[in-house]
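Chemist: My questions are about this predicted structure, shown below with the sequence.
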Amino acid sequence: MSIKNLFQQESESVTGQPVRIPFDFTNRNSIPKGKEPGDCIVIKPITVRTWFRIRPLLLAIEKEDIDKMIVKEGELNSDFPEMIDKYGELLLDIVCLGIHNKSSEPPGWFREVLADNTTWEDIRILLNAIIYRIGYNSFCTSITTLRNVSPVEEAEIIAAQKNLESWKDIIRVDS
């Protein structure tokens, strides 16, 4: 990826420009009367509230598997069918939350319409658009950089987190 492309993506993320993905909803059986999905799927920058809802779902996916799911320029991923078999429902949940991107739950019909009108390759594209709107790549890069310069090892960070959790549990019990 070129520096120019990276800066463009970062600036689009910072300025809050939505990603518009042309999409044809051909199977209209599950679309409720009065609802019109349009001709594209719009993915806005992910709000903090949505991030907190998506994060546990993303954490349920092994890091190596997420790396396999992220589309890299010039790379074909033949492992994606395996990822679908392993995480299919979870990926659909992440995509629904990322597209909906509101404090409320996505409507039930929304998930059905998405499931009826997408292929797994579509889900992969939408997942990558959501990961992009989260700023996942820049987030991972900054975490990797911090790890490289941090005097604290990964095991110590995990131990500190567990220690903090146990202290919070003790405080709750004492309250």
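Modeler: Nice, thanks for sending it over.
Chemist: Would you tell me what helix or strand the closest residue to residue 130 other than its chain neighbours is located in?
Modeler: In space, and not counting its chain neighbours, residue 130 is closest to residue 98: 3.4 Å by C-beta to C-beta, 6 or more residues apart in numbering. Placement of C-beta: from N, CA and C, glycine included. Per DSSP states H and E, residue 98 falls inside helix 80-100.
Chemist: who touches that helix?
Modeler: Here helix 80-100 makes contact (C-beta atoms under 8 Å, 6 or more residues apart in numbering) with 41-43, 46, 50, 53-54, 57-58, 60-61, 65, 68-69, 106, 110-111, 114-115, 120-121, 123-124, 126-127, 129-130, 133-134.
Chemist: Are any of the residues you listed buried, and if so which?
Modeler: 41, 43, 46, 50, 53-54, 58, 61, 68-69, 106, 110-111, 114, 123-124, 126-127, 129-130, 133-134 (16 or more other C-beta atoms under 10 Å).
Chemist: Can you mark which positions in stretch 91-111 are buried?
Modeler: Buried, per 16+ other C-beta under 10 Å, within stretch 91-111: 91-101, 106, 110-111.
Chemist: which of those residues are the two that sit furthest away from each other?
Modeler: 91 and 101 (16.5 Å; C-beta to C-beta).
Chemist: In terms of secondary structure, what does the one helix or strand residue 129 maps to contact?
Modeler: Per DSSP H and E: residue 129 is located in helix 120-134. Contacts defined by 3 or more C-beta pairs under 8 Å, 6 or more residues apart in numbering; DSSP states H and E place helix 120-134 against helix 3-15, strand 19-22, strand 40-43, helix 48-59, helix 63-69, helix 80-100.
Chemist: Find the least confident helix or strand in the chain, judged by mean pLDDT.
Modeler: Sorting the helices and strands of the chain by mean pLDDT, DSSP states H and E puts helix 136-149 at the bottom, at a mean of 50.
Chemist: one step back: residues in contact with the helix holding residue 129?
Modeler: Applying C-beta under 8 Å, 6+ apart, the contact partners of helix 120-134 are 9, 13, 19, 21, 23, 41, 43-46, 51, 54, 69-71, 80-81, 84, 88, 91-92, 94-95, 98-99, 118, 137.
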